[in-house]
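# Return a 3D structure for these sequence lines:
(one chain, ligands or ions: 1)
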Amino acid sequence: MTELGTVVWPPAPIRTERLVLRQSEARDRAAFIELFALPEVRTYLGGPRPRDELEHAVPELPGRRPGLFVVDLDGAMIGTITLDRRDAERPGHVRPEAGETELGYMFLPEAWGRGYAAEACAAALDWFADGLPGEPVVLCTQTANDRSMRLAAKLGFTEVQRFEEWGAEQWFGVWSPVTASG
Ligand SMILES: CC(C)(COP(=O)(O)OP(=O)(O)OC[C@H]1O[C@@H](n2cnc3c(N)ncnc32)[C@H](O)[C@@H]1OP(=O)(O)O)[C@@H](O)C(=O)NCCC(=O)NCCS
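As a prediction, this is how the structure comes out:
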């Protein structure tokens, strides 16, 4: 597995107070389509994709890959968390060899404003830090994305730099267990 180095994938489902982080299942397909079709979710992620296009493009078992957690509330998917390798060609890095692990998150709007994203991301970061101690995790978000900016700060990400990309100002930050607890 290249994306997450030596971490074993998939892990056993990760349980938090209210949520479960697990691999995707075929029953999550409709929620995956929603995440990519809803304008509110895609405002800062390049815009929504047409539903009919998604119905054709999204596989029967979507999102089954290392680093992608489905966030499950009472048996239903409410969002995804991803830990992927950051493209070396893109701006924003914290080490010369690049290839850092990058956190991403997308939640369905009905699940916003309840602390679910923060709870799930904190659990994913803890899991990652246990598997790869000392390995930094980076995050990139548009500065205009207020909810995402608040979440990044709450999780303990600290700013490394800001830059322009895709016609918008981007905030690039880094997390490490030391940063988060200190
Ligand atoms: C970014 C995103 C995940 C943030 O979701 P969120 O629900 O706002 O984030 P949190 O889980 O931190 O929840 C925070 C809110 O829950 C509230 N909350 C309610 N109950 C809570 C509880 N028990 N514990 C913690 N917070 C709670 C907080 O007060 C806060 O409210 P506020 O937004 O009014 O300040 C979500 O907006 C999203 O999916 N956006 C679309 C995708 C996207 O842009 N992703 C970013 C890519 S870089």
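# Could you list the paired strands of the biggest strand by length in the chain along with their orientation?
Taking DSSP state E as the criterion, the chain has its longest strand at strand 76-85. Strand partners for strand 76-85, identified by DSSP bridges, are recorded as strand 68-73 (antiparallel), strand 101-107 (antiparallel).
# May I see the buried residues of it?
Residues of strand 76-85 classed as buried under the neighbour-count rule (16 or more other C-beta atoms under 10 Å) are Met77, Ile78, Gly79, Thr80, Ile81, Thr82, Leu83, Asp84. C-beta: built from backbone N, CA, C; applies to glycine.
# now swap in stretch 41-53 and tell me
The neighbour-count criterion (16+ other C-beta under 10 Å) identifies Val41, Tyr44, Leu45, Pro48, Arg49 as the buried residues of stretch 41-53.
# go on, stretch 139-150?
Along stretch 139-150, these residues count as buried under the neighbour rule (16+ other C-beta under 10 Å): Leu139, Cys140, Thr141, Gln142, Asn145, Ser148, Met149.
# Pick the one among those closest to Gly113.
Distances from the buried residues of stretch 139-150 to Gly113 were compared by C-beta to C-beta; the smallest belongs to Ser148, at 13.3 Å.
# what's the spacing between Asp146 and the ligand?
As for Asp146, its distance to the ligand is 8 Å (criterion: C-beta to the nearest ligand atom, to the nearest Å).
# and if you look at Glu17?
Counting by C-beta to the nearest ligand atom, the separation of Glu17 from the ligand is 9 Å.
# Name all residues that make contact with Phe128.
Under the criterion of C-beta atoms under 8 Å, 6 or more residues apart in numbering, the contact partners of Phe128 comprise Leu4, Val7, Leu83, Thr101, Glu135, Val137.
# try His93
Arg86, Glu100, Val138.
# which one of the residues you listed sits closest to Ala153?
Taking the contacts of His93 together and measuring to Ala153 by C-beta to C-beta, the closest member is Val138, at 14.7 Å.
# Would the helix or strand hosting that closest one count as contacting the ligand?
Mapping Val138 onto the secondary structure by DSSP states H and E places it in strand 137-142. Yes: residues of strand 137-142 contacting the ligand under C-beta under 6 Å from any ligand atom: Thr141.
# Now do whichever helix or strand comes after that strand against strand 101-107, angle only.
With elements assigned by DSSP H and E, the helix or strand that comes after strand 137-142 is helix 146-155. Using axes from the mean of the first three to the mean of the last three C-alpha atoms, to 10 degrees, the inter-axis angle of helix 146-155 relative to strand 101-107 is 130 degrees.
# Helix 146-155 versus strand 137-142: what angle between them?
Counting by the same axes, to 10 degrees, helix 146-155 lies at 160 degrees to strand 137-142.
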